[in-house]
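Enquirer: Got a predicted structure here, sequence first:
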Amino acid sequence: MNGSSNPQILSRCPWVDLSMPDYVAYHDDEWGVPVHDDRLLFEFQVLESAQAGLSWYTVLRKRENYRIAFDYFDPGTVARYNDKKIEQLLGNPGIIRNRAKIASSINNAKRFLQVQEDFGSFDAYVWRFVDGLPKVNSLRNLSDYPASSPESDALSRDLKQRGFTFVGSTICYAFMQATGLVNDHSLDCFRRVEILSGYS
């Protein structure tokens, strides 16, 4: 259960802007919920990399366009993108038209497939960095939120060694927050208790 329908009543993380319904819905329904589906993990990997230098809300507003443009984030399909497809993506006003980020998505799709081959799934690979269970932090104010962690440092190093790009520790930490490897819902946020109690 979530509180998207009555955003003014429930207490939420301090970064949530209640004037943005889609932002509230993302916080209430997705952020911090443990993800074990490889396609969704790849989606967040692409989107978090696309965010570099931008706000998450900028990416969030373009998310549905990204899904269509990137074949619903099927890594096998994205890994086969060629120069013609890159030019097509660069002409798509619905996504962030940055050549380096688009090229990184294609490269990372190839590396993602290799990780799946090596570990059986990307899920099995990435959850190793938190020993299989979400790391739970105790945060209250916006200033309490870290930009990285020892776990995101380790994930970043390992991804880089495997040939991934746009995977600095800050990007990796945002990915870990989004996919529930880290539970950074603030102490007074209603979703913190819900996720801890049932990982719903």
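Expert: Good, I have the coordinates. Predicted model only: the values in this text are computed from it and were never measured.

Enquirer: surely Ser105 meets Ala69?
Expert: No: the pair Ser105 / Ala69 is not scored as a contact, 10.1 Å apart, by CB atoms under 8 Å. Just so you know, the C-beta spots here come from the backbone N, C-alpha and C atoms, and that holds for glycine as well.

Enquirer: quick one: which of those two has more around it?
Expert: Ser105 (28 against 17; other CB atoms under 10 Å).

Enquirer: if I look at that one, how far off is Ala50?
Expert: Separation of Ser105 from Ala50 (CB to CB, to the nearest Å): 8 Å.

Enquirer: Would you mind pulling the contact partners of the helix ranked longest in the chain?
Expert: Across the chain, the longest stretch assigned as helix under DSSP state H is helix 99-119. Contact partners of helix 99-119, identified using CB atoms under 8 Å, 6 or more residues apart in numbering, comprise 38, 42, 45-46, 49-50, 52, 70, 75-76, 78-79, 81, 86, 89-90, 122, 125, 159, 162-167.

Enquirer: Stretch 36-56 now?
Expert: With CB under 8 Å, 6+ apart, stretch 36-56 has contacts from 35, 58-59, 63, 66-67, 70, 72-75, 78, 95-96, 98, 101, 104-105, 108-109, 112, 116, 121-123, 126-127, 165-168, 171, 174-175, 178-179.

Enquirer: Go again with 6 Å.
Expert: 35, 59, 73, 75, 96, 101, 104-105, 112, 121-123, 166, 171, 174-175, 178-179 (CB atoms under 6 Å, 6 or more residues apart in numbering).

Enquirer: now stretch 69-85
Expert: So stretch 69-85 is contacted by Arg39, Phe42, Glu43, Asn92, Ile95, Ile106, Ala109, Lys110, Phe112, Leu113 (CB under 6 Å, 6+ apart).

Enquirer: gap between the two ends of it?
Expert: Stretch 69-85 has its terminal residues 10 Å apart, counting by CA to CA, to the nearest Å.

Enquirer: Show me what counts as buried in it.
Expert: Ala69, Phe70, Phe73, Pro75, Val78, Ala79, Tyr81, Lys85 (16 or more other CB atoms under 10 Å).

Enquirer: Helices - which of these land there?
Expert: Per DSSP H, the buried residues of stretch 69-85 map to helices at Ala69, Pro75, Val78, Lys85.

Enquirer: Nearest to Asp144, out of those residues: which one, please.
Expert: Pro75 (34.4 Å; CB to CB).

Enquirer: sorry, back to before: from the contacts of stretch 69-85, which would you call buried?
Expert: For those, buried by 16+ other CB under 10 Å: Phe42, Glu43, Asn92, Ile95, Ile106, Ala109, Lys110, Phe112, Leu113.
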